[in-house]
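[1] got a predicted structure here, sequence first:
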Amino acid sequence: MKLKEINRTAIQSWSPAQHHPVYLAAGTSAQQLDASFSTSASLEIFELDLAEPSLDMKLRGAYSSSHRYHKLAWGPHGMDAQGLPSGVLIAGGENGDVILYDPAKIIAGHGDVVIAQSNKHSGPVRALDVNSFQDNLVASGGNESEIYIWDLNNFGSPMTPGPKTQPLEDISCVAWNRQVQHILASASPSGRASIWDLRKNDLIIKVSDHSNRMHCSGLEWNPEVATQLVLASEDDRMPVIQIWDLRFATSPLKVLENHTRGVLAIAWSLADPELLLSCGKDNRILCWNPNTAEVLYELPTSTQWCFDIQWCPRNPAVLSAAAFDGHISIYSIMGGSSQAFSQTQADTISTSFGNMDPFGMGQTLPPLQLSQAPPASTTITPLKKPPKWIRRPVGASFAFGGKLVSLENIKPNPQQPQQPTAHVVHISQVITETTFLERSAQLQATLAAGSFVDFCQEKMDSAQNEFEKTVWSFLKVNFENDARGKYLELLGYKKEELAAKEAAPPAEASLPGEAPVPEGIKLRQTVVGFVPSGVDGLITQALLTGDFQGAVELCLHDNRMADSIILAIAGGAELLEKTQRKYFTKTHSKITKLISAVVMRDWRDVLQTCELQNWKEALAAVMTYAQPEEFSSLCDLLGCRLEAVEDCTLQAQACLCYICAGNVEKLVTCWTRAQDRHCPLSLQDLVEKVVVLRKAVEQNQESDPCAVGLLLGEKMSQYASLLASQGSLTNAIAYLPQNTEQVAVQQLRDRLSRALGQQAPAAAPVAQLPSPQPTAAQPRQLFTPAQPSMVTQQPFSVHYTLFPLLQVPENYTPPSPIMAPIFSPLGAGDPQQPPYMPPGQAQNQAPYQGMQQQMAPPPMNPGMLKTRGGSVEGAPGAPTGDTIQPLQSIPAEKITMKPIPDEHLVLKNTFEGLIHNQIISGQTKRKLDDANKRLEALYDKLREQTLSPAIIGGLHNMVQCIESRSYVESLNIHTHIVSSSNFSETSAFMPVLKVVLTQANKLGV
């Protein structure tokens, strides 16, 4: 597709690849005249601006010259110095002149643009080329077999490559070899090519076609194969391009035949050796693959011959072609649309008529309206093959299940271009969260063994704060006898202590003015022998008539509370209840509310009105007096009140209420709100609590799990996704909730099922598996996953071979698993997958039998059906059922890591010891633990032995300084390592190492 155009009859040369912006030099061509028959000459420099949509190129500088040119060459000589920022432009004149121009001065508009000039040649200089290895060497060719080698540092004394070839003839082309800097080739119109060795200063070989019809118009070396070159023939009788190999120089290696008339110029792409341009007298510009002799692309050109064609050194997709119609066109071989070019042509035709009256009336006419059809959009197809510069040398992409797919395009052998190239794809298992996997495996092992009490105890021992320890204490109680009594002890109410206090009550003080009753004296109660008057008389009459209700009312009216209660007891349960209500209405004290709730059993009112600072007392009262059918809802009520306040401490305590209630969904909501961390280990903390609580509910109440709520389903889906990303697919599918309609969960199950090689049914039946201890009810799987069929996972590094099929050598070592940080670089260890067990056999060791559930649960306790919280399976503090069954789980899959070499173990031991000493001294444990984990990147590099000897030596010097507590010297060595090494090699561990050393220096540990 055409990009730009210059209206000049000129020869051309691109600026060097090192130069930016991209310039194109155009010099007036010798032995060519335009329509004006002008004999003036100029040297102009244009800028290639592809962001500008128009076809015109910006003229950046012009110089009026007295010479016309046969050849231009723009070299980078002097660009690294201040004197020649744009390099040197070398021109071959029609009178034998070789002229050096300063392009920077031409662009700046200076007059003295000529650096040097020589007329050593006796005739026109038609050939120029700059050495790609030594940019100060330029070769030129002229008449009578004249070839000169110019040193731009000593321009006045050129040398020759050797004696002149005989017979004497014109030199039409010269070219430096692209691989060997002292080899030069020259060609003449007679079809003979000569190869010169400048070290020997002699001709070493001649190449010529036996037909004697090869009139050479172009010569190019293969950019990669040092012994191959191409020759182009401009003879219409033989319009071919010959590929020669000097190792067999008796005949051409290949002949490219597609032009119908003579070839005028050729250009071989330095960016892709499989792209060769040619232009000929048949008005065609072809792009060849010289290895296959196939035409890959034909540029849309004009009806005039192109006599010069060149690749842009900086932009490999751009080329320029100079034609005899007076245009230099800039093309892209990547295809595109010609609509803009067609519209530009139409606008040019329209504006060429002007807007003056053609009949001489002197009136200005409106703009000419051309009745023309809109130009059709012509899409130009690109190359048949992708060019080499857009091919990725390497590539990587993450796949589902923590797989990393990487590829590399192996560089083909230049000496054997026809041999097919092997394309190897590596599939590796990426593991980043090793600690997360270890904890997940520990949870699976707990589920398999049923050792929930030990698991909770370990969590209590390793808890980093008091609240975490309390949560695990509450969860542990669920698996012990007398759960409510243990809950009361955790809340601070121990029966033994209360009994001891009651055994020794404080001495009661005597009322003022009242003598204490001596011990041993018994008071006699006398019987009144008459009916008194007043209230006592009314009460007496009511009692004598059996009117207990009236007597109670009179006692209450006279504020005789004790008498009213005693009489109400004698009057029956209904009267007692009414009296109790009236008593609590009239009486107000600090514990009246508690006494009222105990007597009236109205705990809901207590929980709704109590001070939340006394939540422990409220929860303890519910533990002691609440009935099983209302226990869960009361705990939920208190938890909701705690969660609604602004105090973060009270909000966190709501988790304990939900644990007592067995409300998994609300526990997830409350814990998620209280924990603001978003990392795999935080999610692991939540899942551990959820799994343990659900198992406690199933054990104590033998109830069916309710439908999984939205938030719990989302968290379990995240957990399964994280497990899958670490390659633990079998564990991941076991944690997916089955009884949910969430689309994300169903999609993830489908992906996991496909990754495991099984079909994903809508509702797969759960296989009934035997437990280690036979009981009345078999345990059930926690989230009822579909049981996947066993599939052997592929190794962690698998190599697939694409076309052509090649065998991997037996001694080939696949890449080891990648240990790169995502959240934090941790340790190592991935579960090892167990062997396959046929479906019909006993499944005690089956890989997918973790967290089993019973197939037919016993009838649910009717008092535990519903609570205020919604999806609650039953409170652990309510009446309990059978003991929990030992569960079975997925055995773990393991990655074997290489050991650290013995000579480098001192590095690991010293750094870990230094961090441990800082933790002992009272520094932030979490921060130092994170530093310890980040140093795993260093230990991985030591295992793989990928560190340079300089870095390893510096680390050992640092360790010696640490052992002598010379932390300042150790930091100096650290600075030297960072400043003298590759950043990408040390960036993963050196920053955190500096933090540890700086902290150790402050503490002096």
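    That came through fine.

[2] for this protein, which helix is longest?
    helix 680-701 (DSSP state H).

[3] tell me the mean pLDDT for it?
    For helix 680-701, the mean per-residue pLDDT is 81.

[4] need the residues that contact the helix or strand just after that helix.
    Remark: after helix 680-701, the chain's next helix or strand is helix 710-725, criterion DSSP states H and E. Residues external to helix 710-725 that are found in contact with it (CB atoms under 8 Å, 6 or more residues apart in numbering): 400-402, 433, 436-437, 440, 664-665, 668-669, 672, 680, 683-684, 686-687, 690, 708, 729, 731-733, 735-737, 740, 742, 744-745, 748, 751-752, 755, 783, 871. The way it works is simple: take the backbone N, C-alpha and C, and place the C-beta from them, glycine included.

[5] residue contacts, Cys279?
    263-266, 285-286, 301, 305-309, 321.

[6] let me know the next secondary structure element after the helix or strand of the chain with the lowest mean pLDDT.
    When the helices and strands of the chain are scored by mean pLDDT, DSSP states H and E, strand 797-801 comes last with a mean of 35. The first helix or strand that comes after strand 797-801 along the chain, using DSSP H and E, is helix 905-920.

[7] thought Glu220 was touching Ala175?
    Yes: using CB atoms under 8 Å, Glu220 is in contact with Ala175, at 6.1 Å.

[8] what touches both of these two?
    With CB under 8 Å, 6+ apart, Glu220 and Ala175 have common neighbours Leu229.

[9] of those two, which one has the most company?
    Glu220 (25 against 22; other CB atoms under 10 Å).

[10] mind checking pLDDT for that one?
    96.

[11] any idea how far Ile90 is from it?
    18 Å (CB to CB, to the nearest Å).

[12] for Gly913, same thing?
    Following CB to CB, the distance that separates Gly913 from Ile90 is 67 Å.

[13] neighbour-wise, which of these two wins?
    Between Gly913 and Ile90, Ile90 has the larger neighbour count (other CB under 10 Å), namely 26 against 13.

[14] identify the residues contacting that one.
    72-75, 98-101, 128, 130, 138.

[15] assess the claim that Val295 and Trp288 are in contact.
    Yes: counting by CB under 8 Å, Val295 does reach Trp288; the two are 5.9 Å apart.

[16] show me which of these two is the more surrounded one.
    Trp288 (24 against 16).

[17] in contact with that one, which residues?
    Trp288 neighbours (CB under 8 Å, 6+ apart): 241, 256, 258, 275-278, 294-296.

[18] looking at these, which two lie furthest apart in space?
    Asn258 and Leu275 (14.9 Å; CB to CB).

[19] just give the number of residues close to Pro124.
    Pro124 has 22 nearby residues by other CB under 10 Å.

[20] same question, Pro223
    Neighbour tally, Pro223, other CB under 10 Å: 18.

[21] wait, it touches Ala267, no?
    No: judged on CB under 8 Å, Pro223 makes no contact with Ala267 at a distance of 11.2 Å.

[22] on that earlier part again, so between Asn258 and Leu275, which is more surrounded?
    Leu275 (27 against 18).

[23] just give the closest residue to that one, not the sequence neighbours.
    Spatial nearest neighbour of Leu275, chain neighbours left out: Ser269 (4.0 Å); criterion: CB to CB, 6 or more residues apart in numbering.

[24] distance of the closest residue to Leu1003 other than its chain neighbours from Ala1000?
    Residue nearest to Leu1003 in three dimensions, not counting chain neighbours: Ser921, with 5.5 Å by CB to CB, 6+ apart. The spacing between Ser921 and Ala1000, counted by CB to CB, is 9 Å.

[25] do the same with Ala626
    Ala626 sits 56 Å away from Ala1000, taking CB to CB as the criterion.

[26] low-scoring stretches of the stretch 151-300 of the chain, by residue?
    212 (pLDDT under 70).

[27] try it again with 80
    210-213, 300 (pLDDT under 80).

[28] Ala744 belongs to a strand?
    No: Ala744: not assigned to a strand; according to DSSP: H, G, I helix; E, B strand; the rest coil it is helix.

[29] residues in contact with it?
    Counted by CB under 8 Å, 6+ apart, Ala744 has contacts 713-714, 717.

[30] any of the residues you listed buried? List them.
    Neighbour-count burial (16 or more other CB atoms under 10 Å) is assigned, among these, to 713-714, 717.

[31] of the residues you listed, closest to Asp325?
    Looking across those and measuring by CB to CB, the closest to Asp325 is Ser717, at 67.9 Å.

[32] quick check, pLDDT for that closest one.
    Per-residue pLDDT puts Ser717 at 83.

[33] now it. Nearest residue, chain neighbours left out?
    Closest to Ser717 by CB to CB, 6+ apart is Val745, at 5.0 Å.

[34] please report the distance of that neighbour from Arg926.
    For Val745 relative to Arg926 (CB to CB), the value is 32 Å.

[35] of those two, who's got more company?
    A count of neighbours by other CB under 10 Å puts Val745 above the other of Val745 and Arg926, at 20 against 10.

[36] surely the more buried one meets Ile733?
    No: the criterion here is CB under 8 Å, and Val745 misses it with Ile733 at 10.9 Å.

[37] report the buried residues of stretch 964-982.
    Across stretch 964-982, burial judged by 16+ other CB under 10 Å covers 967, 970-971, 973-974, 977-978, 981.

[38] next one: stretch 222-231
    Applying 16+ other CB under 10 Å to stretch 222-231 flags 222-231 as buried.

[39] Gln18: which of those is nearest?
    Nearest member of the buried residues of stretch 222-231 to Gln18, counting by CB to CB, is Pro223, at 17.4 Å.

[40] quick one: the closest one from Pro53, how far?
    Separation of Pro223 from Pro53 (CB to CB) stands at 33 Å.

[41] same thing with Glu741?
    Counting by CB to CB - Glu741 and Pro53 are separated by 54 Å.

[42] and Thr587, by the same measure?
    The value you get for Thr587 to Pro53, if CB to CB is used, is 93 Å.

[43] compare the two and say which is more crowded by neighbours.
    Legend: neighbour count by other CB under 10 Å for Thr587 and Pro53, higher for Thr587 (12 against 8).

[44] could you find the closest non-adjacent residue to the more buried one?
    Leaving aside its chain neighbours, Thr587 sits nearest to Met561 (6.8 Å; criterion: CB to CB, 6+ apart).

[45] cool, Trp74 as well?
    Using CB to CB, 6+ apart, the nearest residue to Trp74 is Ser13, at 4.5 Å.

[46] do Asp685 as well
    Gln675 (7.5 Å).

[47] could you count how many residues lie near that neighbour?
    Other residues close to Gln675 by other CB under 10 Å number 14.

[48] sorry, back to before: do I have it right that the residue nearest to Leu275 meets Trp311?
    Yes: shown here, Ser269 and Trp311 form a contact pair, counting by CB under 8 Å, at 5.3 Å.

[49] below-threshold pLDDT in the stretch 801-950 of the chain: ranges please.
    801-898, 919-929.

[50] any idea how far Ile962 is from Leu928?
    15 Å.

[51] scratch that, Gly953 is what I was asking about
    For Gly953, the distance to Leu928 - CB to CB - is 27 Å.

[52] neighbour count for the two, which is higher?
    Counted by other CB under 10 Å, Gly953 and Leu928 do not tie: Leu928 has more neighbours, with 19 against 13.
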